[in-house]
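In: Sequence first, predicted coordinates after that:
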Amino acid sequence: MSVYEGPSGYELADWRRQINDLYASVRAIEDPVAGWWLWHETRTDLFREHPVSPIAESERESFGGIPVFNYDSSLRFEVKLDAVLGDALSVDLARDGTMTYRPIAQTLGLSHALGGELTVYWIAGYGGGLFIPFRDETNGSETYGGGRYIVDAIKGSDLGLGPSGGLILDFNFAYNPSCALSDTYVCPLAPPDNRPPAPVRGGERVL
């Protein structure tokens, strides 16, 4: 979820549409590793070729790909959600106004592997949607210092529900927000308390 301050709104809409379609394709693939390869390769192609890529235009032709950790099956979870109440958070997104999101649930099923759970947020405004940003011990060295996203309804980045009806959280699909790559974007960063104690070495790394 980022605010782009460059090309046309149509180009940004196309970027979001392609990301949405990508996740729909990933959800349709039974093998998580095959879905992850599609996700990684498609995002690399978009970063190299799309007009609103966060990679500078002068660097796209030589762009070698988004660095990622190797796929780790232990970082894929199906979690239940426990409803919570909490104060809303507001973030100034420059010319796109203020984004407000509020906690609505906490995950149940991550503590045994990551040492803690994550808060699930609901984006306020028309349509709404889930938003799960997180921080971990890799931030600032192996991954972007401001944290990463694993679910963002605005872009359709959501792996859906598992066989038992729980939310699929596969940290191999964690990605850096676009502001990690370009100052033409303004991104809501992960709240400091949405930080499991264990390092999460899955998903995208820093370039």
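Out: Yep, it's here.

In: Not counting sequence-adjacent ones, nearest residue to Pro177?
Out: Closest residue to Pro177 apart from its sequence neighbours, by CB to CB, 6 or more residues apart in numbering: Cys187 at 3.9 Å. Every C-beta, even on glycine, is put in place using the N, C-alpha and C of the backbone.

In: contacting residues around Pro103?
Out: Going by CB atoms under 8 Å, 6 or more residues apart in numbering, Pro103 touches Val84, Leu85, Gly86, Asp87, Thr119, Val120, Tyr121, Trp122.

In: The spatially most central residue of the chain bridge partners, please.
Out: Computing the C-alpha centroid of the chain and ranking residues by CA atoms, centre = their mean puts Tyr149 first, at 2.8 Å. Listed by DSSP bridges, the beta-bridge partners for Tyr149 are Pro133, Tyr175.

In: Test my guess that it contacts Pro133.
Out: Yes: using CB atoms under 8 Å, Tyr149 is in contact with Pro133, at 5.2 Å.

In: Would you quantify the distance from Arg43 to Asn194?
Out: Arg43 is 23 Å from Asn194, where distance means CB to CB, to the nearest Å.

In: Identify, among the helices and strands of the protein, the element with the weakest mean pLDDT.
Out: Within the chain, no helix or strand scores below strand 3-4, which has a mean of 43 by mean pLDDT, DSSP states H and E.

In: after it comes which helix or strand?
Out: helix 9-27 (DSSP states H and E).

In: Spit out the residues that contact Tyr149 and Pro133 alike.
Out: Listed as contacting both Tyr149 and Pro133 by CB under 8 Å, 6+ apart are Ala190.

In: May I ask which helix or strand encompasses the residue nearest to Trp15 when sequence neighbours are not counted?
Out: Closest residue in space to Trp15, ignoring its immediate chain neighbours: Val52 at 4.8 Å, by CB to CB, 6+ apart. Taking DSSP H and E as the definition, Val52 sits outside all helices and strands.

In: Pull up the gap between Val52 and Phe131, please.
Out: Distance from Val52 to Phe131, by CB to CB: 20 Å.

In: Between the two, which is the more surrounded one?
Out: For Val52 versus Phe131, neighbours defined as other CB atoms under 10 Å are more numerous around Phe131 (24 against 21).

In: And that one, how close does it get to Glu41?
Out: 25 Å.

In: right, and the helix or strand after the strand ranked longest in the chain?
Out: Counting residues, the longest strand found in the chain (DSSP state E) is strand 98-108. Going down the chain from strand 98-108, the next helix or strand is helix 111-114, by DSSP H and E.

In: Residues contacting the helix or strand following that following helix, please?
Out: Downstream of helix 111-114, the next assigned helix or strand under DSSP H and E is strand 119-123. Residues outside strand 119-123 that contact it (CB under 8 Å, 6+ apart) are 1, 81, 84, 86, 89, 99-107, 128-133, 151, 153-154, 167, 191, 193-194.

In: what's the angle between strand 119-123 and strand 98-108?
Out: Inter-element angle recorded for strand 119-123 and strand 98-108: 150 degrees (by axes from the mean of the first three to the mean of the last three CA atoms, to 10 degrees).
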